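# next come a sequence and a model predicted from it.
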Amino acid sequence: MTEQPTDSHSVWQRVISTLEADILSPRDRAFLGLTRFVGLLDGTALLAVPYAHTKDTLETTLRQPIVEALSTELGQEVRLAITVDDDLRHQLEQQDEAAATATADTGEAAPAQPVPTQPSRPAPTSPSGPAQTSVEDARLNPKYTFETFVSGSSNRFAHAASLAVAESPARAYNPLFIYGESGLGKTHLLHAIGHYARSLYPGVRVRYVNSEEFTNDFINSIRDEKAGAFQQRYRSVDFLLVDDIQFLQGKEQTIEEFFHTFNTLHNSEKQVVITSDQPPKKLSGFAERLRSRFEWGLLTDVQPPDLETRIAILQRKAAQERMQLPDEVLELIASKITSNIRELEGALIRVTAFASLSSRPADADLAAHVLKDIIPSSEAAAISVQTIMTEVADYFQITGEELCGTSRSRMLVNARQVAMYLCRELTDLSLPQIGREFGGRDHTTVMHAERKIRHQIGERRALYDQITELTGIIRKASAR
Ligand SMILES: Nc1ncnc2c1ncn2[C@@H]1O[C@H](COP(=O)(O)OP(=O)(O)OP(=O)(O)O)[C@@H](O)[C@H]1O
């Protein structure tokens, strides 16, 4: 039974006040704000935290001061036990979602007041000064968090650096530059930084942008004579997270604008994180002065994961999606798909979809049957969007114009979404690039198509067959 000496919330508030007097860093303050004092049991004070790494940090750097402050507060020597509490995490995430929704409608700066902070949550404290407005980017994928990111030898450094910049923006490394091949978790890490920063520093202004969107936004701002608003959007944030910077290659004016954006943010100690498929030195089409700035902070790469990490990723993914799969099936998938995590997830979905459609258990036999049709991209000929479009149009007996056009007829929408899904699965193109290929559609349309097909592939047999058959046809056509 828990002894509740007094209201645990006030106890914890007083502990934080005591520790604050010892001049806590903003980061430590934020960590304590995320922590709840649950109660005292047989001399052990139990703390609940939302994330495993909050626990690690408390244990490694704050344990002693907390024990001392709690012992004083409770009038007895206490030991400390820290537990990771999923409910607490959900609670905090819901608050952040609510805050994001409150500001997402305008997409522009809005007063930080709507952020429903809990009494014990720290006031908005961006380490380089309180952020009084919130441009929280509602487009962060809720699934891309540090909780769902599996760290292994191939990405350990990038993972640790990402945690560090979220915790100590513009203090740890600025910019943080993460590079590596497609499908190895760069986007996932960017979103995770955004989520985690928002949970640590409510009200912090985070902007995630793909470099293609940055370009489009910039071009539109010139067209609409809204350069001021554009600059305000990108230069008044605490975190600018820029995905796939390589797509700025050769776009001189946009690069120039990005250069100034970067300088403004860096000078005012705001965090910039950049991902790319190449290290800065190999990025052609960028002015040297910008490339050298990319190297001011920390460069880190992500490598293809080793077998153990691949299995761990599949286990995490299966648990997340509540899929029941024996280890040998996960091992089979992990041994077949070795160099791209997006493909690894795609294979997992195919196996479970086939099992569910054929009402059979997802065992090793079934997995082997499904996997024989899947050729990892590392072994396959490169596939172009054009080939996918041509083959999908042929398959559904429609024209290329219809496939990319605007008709909302059911059959055409289905064909279009299948084609977009296959572009995601079979090519390395980004969402905006695929959107452009399909008649200049927004990247969110492609994202929606991908999610929808992923969701339905295990429910509609005809769809599963279409995808499997088309994958084979497209591979054959590309190998010719
Ligand atoms: N270490 C990891 N743990 C769990 N999931 C991961 C990990 N790395 C990647 N993934 C998953 O793999 C998929 C592809 O990752 P992501 O989109 O982040 O790759 P990327 O490197 O940004 O690729 P691209 O350059 O093509 O945009 C995502 O669904 C992501 O969640």
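Now that the structure is in, tell me what you want to look at. Predicted model, so just to flag it, every value in this text is computed and none were measured. Numbering: from 1, shown residues only.
# and the strands in the stretch 101-250 of the chain?
Listed in chain order, the strands of the stretch 101-250 of the chain (DSSP state E, counting those that start in this stretch) span 110-111, 133-134, 176-180, 206-210, 239-243.
# which elements pack onto the following helix or strand past the last one?
Taking DSSP states H and E as the definition, the helix or strand that follows strand 239-243 towards the C-terminus is helix 252-267. Contacting helix 252-267 under the criterion 3 or more C-beta pairs under 8 Å, 6 or more residues apart in numbering; DSSP states H and E are the following elements: helix 211-223, helix 227-235, strand 239-243, strand 271-276, helix 288-294. C-beta here means a position set from N, CA and C on the backbone, and glycine is covered the same way.
# now with 7 Å, please.
Judged by 3 or more C-beta pairs under 7 Å, 6 or more residues apart in numbering; DSSP states H and E, helix 252-267 is in contact with helix 211-223, helix 227-235, strand 271-276, helix 288-294.
# dump the strands of the stretch 101-250 of the chain to JSON lines, plus distance to the ligand, mean neighbour count and mean pLDDT.
Listed next are the strands of the stretch 101-250 of the chain as JSON lines, based on distance: least, C-beta to the nearest ligand atom, whole Å; neighbours: other C-beta atoms under 10 Å; pLDDT from 0 to 100:
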{"stretch": "strand 110-111", "distance to the ligand": "29", "mean neighbour count": "15", "mean pLDDT": "28"}
{"stretch": "strand 133-134", "distance to the ligand": "25", "mean neighbour count": "20", "mean pLDDT": "34"}
{"stretch": "strand 176-180", "distance to the ligand": "6", "mean neighbour count": "25", "mean pLDDT": "97"}
{"stretch": "strand 206-210", "distance to the ligand": "9", "mean neighbour count": "23", "mean pLDDT": "95"}
{"stretch": "strand 239-243", "distance to the ligand": "7", "mean neighbour count": "26", "mean pLDDT": "97"}
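# will you turn those strands into TSV that also has distance to Q253?
Listed next are the strands of the stretch 101-250 of the chain as TSV, based on distance: least, C-beta to C-beta, whole Å:
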stretch	distance to Q253
strand 110-111	30
strand 133-134	28
strand 176-180	22
strand 206-210	17
strand 239-243	17
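# out of the helices and strands packed on helix 252-267, nearest to Q303?
Nearest of the helices and strands packed on helix 252-267 to Q303, taken as C-beta to C-beta: strand 271-276 at 14.3 Å.
# next, the angle from that closest one to strand 206-210.
20 degrees (axes from the mean of the first three to the mean of the last three C-alpha atoms, to 10 degrees).
# which residues sit against strand 271-276?
For strand 271-276, contacts defined as C-beta atoms under 7 Å, 6 or more residues apart in numbering pick out 165, 169-170, 174-179, 186-187, 190, 193, 238-246, 262, 265-266, 283, 294.
# any idea how many residues pack against the residue in the stretch 1-150 of the chain that the ligand sits nearest to?
In the stretch 1-150 of the chain, no residue comes nearer to the ligand than V150, which is 3.7 Å away by C-beta to the nearest ligand atom. When neighbours are defined as other C-beta atoms under 10 Å, V150 has 21 of them.
# ok, back up a step: which one, of the helices and strands packed on helix 252-267, ends up nearest to the ligand?
Of the helices and strands packed on helix 252-267, nearest to the ligand by C-beta to the nearest ligand atom is strand 271-276, at 6.3 Å.
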